[in-house]
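> sequence and predicted structure are below.
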Amino acid sequence: MPHALKRILIYAALILWTIIALFPIFWTFSTTFKVAKDVQMGNIIPWVDYKPNWLGLRAIGLSPDTIFTESTPRAEFIKRFWNSIQASVGASILALILGSMAAYGLSRFSYRWKIWKNRDISFFFLSQLILPPVVLAMPFLVLYKELALLDSMVGLILIYTLSVLPIVIWIMKDQFDTIPQELEQAALVDGCSTWGAFFRIILPIALPGMVAAFILSVILCWNEYFFAALLTSSYAKTLPVMVASQTGSQGISWWSMAALSSAAILPLIVIGVFLERYIVKGLTSGSVK
Amino acid sequence: MTSSAAATGHEAVAQHVPPGRQRLGSLLIRGATLLLCAIAAVQLLYVTGYFSWGFSNWQPVFLAYIAWSIAFCWGLVLRDGEAGWRAVFVLPAVFFTLALVIFPTFFGFYIAFSDWNLQSAGGRSFNGLANFWQLIADPYFWNALGNMVFYVATVIVQYAIAFGLAMLLNADIKAQKFFRVAFLLPFMLSPVAVSWMIGKSMLEYRFGPVTNLLRWLGWEQPTLLTTPWLAKTTIALMDAWVWIPFMMIMILAGLQALPKDVQEAAKVDGATGWQGFWQITFPLMLPVSVTTIVLRIIFQLKLADIVINTTSGGPGGATDTISSYIFRVYKDRSNVGYGTMIAEVYLILIIIFVALLLKFTSRYMQRAT
């Protein structure tokens, strides 16, 4: 195959897949600015096929003419958005604290408790990845009812922490394994305690891994739907549950659905564009050497 | 609780702990354990009606458990010195996971053997294996299980596409970063949003852009989500759209880690691109490939959100996954006992499946656990 033809084919394939990957995102953002007629005509290109309109953003009270006025939908939307931030950031921080400590311990010391050794403890944590959410769903509903944690932020944060903890431990253990042990040994000789060496020497070096683990956790928790749908109702409902409940109702207005979906994915797109490096690091740690 | 979480470093821990502190540590651990048991016992007796005084819910017991965990760690540090300090690294995560996984798993089995419908006034009653026999006779369960086999099998197709994309990105191209970010984005989007963006709007029968495109290509009636086998394929395609980036990133990282000189040596030996791929790149990539596929299959077994929000399992259960079917049993029929029985049976099935999968693939994998 001639070289030039090969290059053209490569770029054609790349552009084709870029369109496949980005068109749904473009479609969602652009539908936010369509009126009913544009939706039904299947208009695609703004300004050429149709004239952009503020309908979608007005429906959630975020268009220029409604942003300074009172708006019930906007208050509701902001509440859900804030809930999602609290749940995902809260759970990610908690998972990062618990996970980093556990990963460091497993990476550096040999534990033994009866017949269980390091390998078994690691496997115990990682095996949680296999557990599908449905298995825990009902028992959690009952447990949370008894603990008065139903529809509460704390309850949601706890279960999200549980679901991302294995991934955080996986990433952080990989990170700590790459840091030479001589570093803490030198610190210990200088009179540092084990924990002192961990906080002052190791954590600063492991920062890239922590950022990667944190970002991946935030993404997973932000998108989580199953538990949020079952365990929250009015107070702690998150954005995905709000989006899903709108989808189910009949006669949905497309522009407001598009506006909501856009709002749900926009933070992630921003993260993806600017922090892609860390996401790739998080995804590939431990499995690709 | 006399057993100790003994932690020894890679070099022996030689540190003398004064006997007074040792006793204090043991006392703290025993005292805290006693207190936790006492609070739990009081609450249990109160709930079962043997005791007239207790808490209105179990939250105090939960708080007592947290306090017990802290006291336990503290006691270990006092009693075992350096070994205790080391154990404290891993114990918080262990206590956290134990509390939130072990109890619900066992409690789940308890629910699974009971007749419990949230809508009926009767409350919960033990009914033995009745739920299990119902499950054996439930065509929807077997149908969903069959669908799971289909969805898991599609992982191989996703892998092939992801491998191709990773090769494209690994080629000597301009704007590699742009393409990488663009290809990665679908993975980050919320499945619920994707269900609406693609499932409900782009595939809308009358005027969605995809159906319009298909009509323009000459397909009279693109009934993407209403014909059973088409609906299943459509769901698989949406799922592929979300998950291909994940596999692509893993494979790309593997490709970038390959030694360049091996591939160049093959070129010098006169291997064509196709031969070079099958004889050199593919075998070298086998560990990364197997790891990626196994991870992906484990995630695929949880597939639910897209199905729930796009088709709710329809038409007629054609797109159901086990998770989405259980979600329906819970949400629409409030049948807690039966739904939990399906979940527990599914858990056992996938533990067996994943164990076998790991057994057969672990020697090809990059690194186990």
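Arrived safely.
> contact partners for the residue in the stretch 1-150 of chain A positioned nearest to chain B?
Scanning the stretch 1-150 of chain A for proximity to chain B using Cβ to the nearest Cβ identifies residue A:105 as nearest, at 3.0 Å. (Each C-beta comes from the backbone N, C-alpha and C, glycine too.) By Cβ atoms under 8 Å, 6 or more residues apart in numbering or on different chains, the contact set of residue A:105 is A:111, B:7, B:86-87, B:89-90.
> give me phi/psi at it?
Comment: the main-chain dihedrals of residue A:105 come out as phi -60, psi -50, following degrees, to the nearest 10.
> ok, now residue B:114?
Taking degrees, to the nearest 10, you get phi -130, psi 150 for the backbone angles of residue B:114.
> residue boundaries of the strands in the stretch 51-200 of chain A?
Under the criterion DSSP state E, counting those that start in this stretch, strands of the stretch 51-200 of chain A are mapped to A:110-113, A:116-117.
> check contacts around residue B:292.
Contacts for residue B:292 were tallied using Cβ under 8 Å, 6+ apart; they are A:287, B:159, B:162, B:247, B:250-251, B:254.
> that one and residue B:350, how far apart?
Residue B:292 is 19 Å from residue B:350, where distance means Cβ to Cβ, to the nearest Å.
> the longest helix in chain B is where?
Using DSSP state H to assign secondary structure, the helix with the most residues in chain B is helix B:139-170.
> how about that helix and chain A, touching?
Yes - Helix B:139-170 comes into contact with chain A when judged by Cβ under 8 Å from any Cβ of the partner chain, the residues involved being B:164-165, B:168-169.
> count of neighbours near residue B:94?
Other residues near residue B:94 come to 21 when the count uses other Cβ atoms under 10 Å in any protein chain shown.
> and it, which helix or strand is it part of?
With elements taken from DSSP states H and E, the one containing residue B:94 is helix B:82-97.
> got the buried residues for stretch B:126-144?
If you call a residue buried by 16 or more other Cβ atoms under 10 Å in any protein chain shown, then stretch B:126-144 has these buried ones: B:131-132, B:134-135, B:138, B:140-141, B:143-144.
> going by distance to residue A:267, which of those residues wins?
The shortest gap between residue A:267 and any of the buried residues of stretch B:126-144 belongs to residue B:144, at 33.3 Å (Cβ to Cβ).
> isn't the closest one right next to residue B:322, touching?
Yes - taking Cβ atoms under 8 Å as the definition, residue B:144 is a contact partner of residue B:322 at 5.0 Å.
> what's near enough to touch residue A:100?
Contacts of residue A:100 were listed using Cβ under 8 Å, 6+ apart, and they are A:168, A:172, A:203, A:206, A:210, A:213.
> show me the contacts for the fifth one.
Which is residue A:210. If you count contacts by Cβ under 8 Å, 6+ apart, residue A:210 has them with A:96, A:100, A:172, A:175, A:203.
> burial of the closest residue to chain A within the stretch 201-350 of chain B, as a residue count?
With distances taken as Cβ to the nearest Cβ, the stretch 201-350 of chain B approaches chain A most closely at residue B:253, which sits 4.1 Å away. Burial of residue B:253, expressed as a neighbour count using other Cβ under 10 Å, amounts to 21.
> now the helix or strand containing residue B:326 against helix B:139-170, angle please.
Using DSSP H and E, residue B:326 maps to helix B:322-331. Taking axes from the mean of the first three to the mean of the last three Cα atoms, to 10 degrees, one finds helix B:322-331 and helix B:139-170 inclined to each other by 130 degrees.
> contact partners for the residue most central in space within chain A?
Residue closest to the mean C-alpha point of chain A, counted by Cα atoms, centre = their mean, is residue A:219 at 1.1 Å. Listed by Cβ under 8 Å, 6+ apart, the contact partners of residue A:219 are A:268, A:271, A:279, B:188.
> what about 7 Å?
Applying Cβ atoms under 7 Å, 6 or more residues apart in numbering or on different chains to residue A:219 gives the contacts A:268, A:271, B:188.
> swap in residue A:63?
Residues counted as contacts of residue A:63 (Cβ under 7 Å, 6+ apart) are A:54, A:57.
> same check on residue B:182?
Contacts for residue B:182 were tallied using Cβ under 7 Å, 6+ apart; they are A:18, A:21-22.
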